[in-house]
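Undergrad: test case, fold it:
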Amino acid sequence: MKFSISTKGFTDIINITPQVSEIVEKSKIKNGICLISCPGSTCGITTIEYEEGLIRDLRRVLEKIAPMSENYEHCKKWGDCNGYAHVRSALIKPFLTVPIEDGKLVLGTWQQIALIDFDNRPREREIMVKVIST
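TA: Residues are numbered from 1 along each chain as shown. Take a look at the predicted model:
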């Protein structure tokens, strides 16, 4: 199954837990794994406590690790100046696997699944969700 999300780019962080949970429930799989993937090299999927303070903290840390203002070789080659987005995606990864038990995602009390669009423009992102029985 898949669904689309419109993003603002520039490290837009979006809670996609409701959409993924709905797909898991519809699958009727009781025990297994859920693979969540966003094809692309300028996005990431991770887990986080989805609250404003932590979202600002994550953005600040990512800016320190791979700043937008850095002079990336990627920009010199392609001119799109989103080298930072590719580096961030390589670190966070554009996929995530979450266990399923009793038909539900196994997430901590405050843990949500987040899509992060690192690119330097708004995007329409397609999220693929594969539910696999074990």
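Undergrad: relative to the helix or strand harbouring Ile13, what are the paired strands and their orientations?
TA: Per DSSP states H and E: Ile13 is located in strand 12-15. The pairing partners recorded for strand 12-15 under DSSP bridges are strand 112-117 (antiparallel).
Undergrad: what is the longest helix that the chain contains packed up against?
TA: If you go by DSSP state H, the chain has its longest helix at helix 52-65. For helix 52-65, the packing partners by 3 or more CB pairs under 8 Å, 6 or more residues apart in numbering; DSSP states H and E come out as strand 12-15, strand 43-48, helix 83-92. Backbone N, C-alpha and C define where each C-beta goes, glycine included.
Undergrad: what's the closest of the ones you listed to Met1?
TA: Smallest distance to Met1 across these (CB to CB): 15.2 Å, for strand 43-48.
Undergrad: distance between stretch 91-103 and the chain's centre?
TA: 10 Å (CA atoms, centre = their mean, to the nearest Å).
Undergrad: can you report how many residues neighbour Leu107?
TA: Using other CB atoms under 10 Å, Leu107 is surrounded by 15 other residues.
Undergrad: find the centremost residue of the protein, please.
TA: Ile45 (2.1 Å; CA atoms, centre = their mean).
Undergrad: Gly79 versus that one, what's the distance?
TA: 27 Å (CB to CB, to the nearest Å).
Undergrad: contacts for the worst-scoring helix or strand of the chain on mean pLDDT, please.
TA: Least confident element among the helices and strands of the chain, by mean pLDDT, DSSP states H and E: helix 73-78 (a mean of 86). Here helix 73-78 makes contact (CB atoms under 8 Å, 6 or more residues apart in numbering) with Asp80, Cys81, Asn82, Gly83, His86.
Undergrad: can you tell me the SS state at Glu22?
TA: helix (DSSP: H, G, I helix; E, B strand; the rest coil).
Undergrad: what angle separates the top strand by length along the chain from strand 43-48?
TA: Scanning the chain for the strand with the most residues, using DSSP state E, yields strand 123-133. Orientation note: strand 123-133 sits at an angle of 60 degrees relative to strand 43-48 (axes from the mean of the first three to the mean of the last three CA atoms, to 10 degrees).
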